[in-house]
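Chemist: Fold the following.
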Amino acid sequence: MEGRVLIHPRFAVEEYVNDLPAFRAAILEEAANHPSFRADFDQKKEKLEETEFFVGQRMELFDNAYSSQLHVARI
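Modeler: Modelled structure (predicted):
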């Protein structure tokens, strides 16, 4: 079983020591109400899969090491 050490910032130590249940409730409420993803996350994720290339397309690729060379490729 793994454990994690929780080190409270100095300003929170007094609140933690004096009223532990209220401190835990406040932390849980703050964490639960904080959005983890933006509203348009799914749309942006789907857009990442869109591409202008297709299977069988021929392309010409420049060689970064030798700018005078050109490579032909097919997807």
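Chemist: tell me the mean pLDDT over stretch 22-41?
Modeler: Mean pLDDT, computed over stretch 22-41, is 77.
Chemist: Need the distance between the two termini of that stretch.
Modeler: Start and end residues of stretch 22-41 are separated by 33 Å (CA to CA, to the nearest Å).
Chemist: So for that stretch, what gets flagged as buried?
Modeler: Buried residues in stretch 22-41, defined by neighbour count with 16 or more other CB atoms under 10 Å: Phe23. Glycine gets a C-beta too; all of them are placed from N, C-alpha and C.
Chemist: Next, find the distance separating the most far-flung residue of the chain relative to its centre from Arg58.
Modeler: No residue in the chain sits farther from the centre than Ser68, which is 38.5 Å out by CA atoms, centre = their mean. Distance of Ser68 to Arg58, computed by CB to CB, to the nearest Å: 20 Å.
Chemist: Would you map the strands across this structure?
Modeler: Here the chain has its strands, by DSSP state E, at 58-62, 70-74.
Chemist: will you turn these into a markdown table that also has distance to Lys45 and mean neighbour count?
Modeler: Formatted as a markdown table, the strands of the chain follow (distance: least, CB to CB, whole Å; neighbours: other CB atoms under 10 Å):
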| stretch | distance to Lys45 | mean neighbour count |
| --- | --- | --- |
| strand 58-62 | 26 | 9 |
| strand 70-74 | 27 | 9 |
